[in-house]
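*Asks:* Mind folding the following:
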Amino acid sequence: MKSQLRPAFFMLLILTVITGVIYPLVVTGIAQLVFPHQANGSLVVIDGQARGSEWIGQQFDDPKYFWGRPSAAGYNAAASSGSNYGPMNPDLLQAVQARIEALKAADPTNTLPIPVDLVTASGSGLDPHISVAAALYQVHRVASARGLGEAQVRALVEEYTEGRQFGILGEPRVNVLKLNLALDGLE
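*Replies:* Model (predicted):
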């Protein structure tokens, strides 16, 4: 039995060092050399201060900002998750209804249909993007709150609309953080 335990222990030790230390260091080193921006969190830095990440959604609830998708994770990157509520779950229906009421209260004159991504959370709870329809739905509220013309805000939405990935995957989308930072740049 000792003749089997000793080689097994050394193999465990060697593989732990290779897969637990050497491999992660090599991959991290390559990532830092080849993709330093992405490897460091894709941070948006303005005037030397990190304002957020391009890939992690943040909560905006001031009427002068575009609002992102609701988050079941509370916008906590360490707790990334969906709510796991099924479509018939009363808690999900209550949450969606509350979000609809909040959107209507924030812009009572808006008669456009409310896009689904403004009232339902994404699978990760951290989606930084909204649909173009969700951004356009909010143009009136944001323009009014900032004292800007709707055409000016709509043009900014168009400018910050990202196309399909590789021209074929997904739908056009708007990064909420980048759009809101651009709005702040207008002031």
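*Asks:* Quick one: the strands in the chain, in order.
*Replies:* Listed in chain order, the strands found in the chain under DSSP state E are 43-46, 49-53, 129-131, 161-162, 173-175.
*Asks:* what's the burial count for the nearest residue to A182 once chain neighbours are set aside?
*Replies:* Of all residues not flanking A182 in the chain, L156 sits nearest, at 5.7 Å (CB to CB, 6 or more residues apart in numbering). C-betas here are computed from N, CA, C, even on glycine. The tally of other residues near L156 (other CB atoms under 10 Å) stands at 22.
*Asks:* Make 54 the starting number, not 1.
*Replies:* In the new count, where the first residue is 54, that last one comes out as L209.
*Asks:* what about L209, distance to L145?
*Replies:* Using CB to CB, to the nearest Å, L209 is found at 33 Å from L145.
*Asks:* now do A196
*Replies:* In this structure, A196 lies at 31 Å from L145, with CB to CB as the measure.
*Asks:* can you check D237 too?
*Replies:* 33 Å.
*Asks:* The two: which is more packed in?
*Replies:* Between D237 and L145, counted using other CB under 10 Å, the more crowded position is L145 (17 against 12).
*Asks:* Test my guess that that one contacts Y138.
*Replies:* Yes: judged on CB atoms under 8 Å, L145 makes contact with Y138 at a distance of 3.6 Å.
*Asks:* In a markdown table, list the strands of the chain along with mean neighbour count and mean pLDDT.
*Replies:* Compiled in a markdown table, the strands of the chain are given as follows (neighbours: other CB atoms under 10 Å; pLDDT from 0 to 100):
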| stretch | mean neighbour count | mean pLDDT |
| --- | --- | --- |
| strand 96-99 | 12 | 80 |
| strand 102-106 | 14 | 81 |
| strand 182-184 | 23 | 93 |
| strand 214-215 | 15 | 93 |
| strand 226-228 | 23 | 94 |
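*Asks:* Turn those into a markdown table, columns for distance to E203.
*Replies:* Conversion of the strands of the chain to a markdown table gives the following (distance: least, CB to CB, whole Å):
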| stretch | distance to E203 |
| --- | --- |
| strand 96-99 | 26 |
| strand 102-106 | 26 |
| strand 182-184 | 18 |
| strand 214-215 | 16 |
| strand 226-228 | 16 |
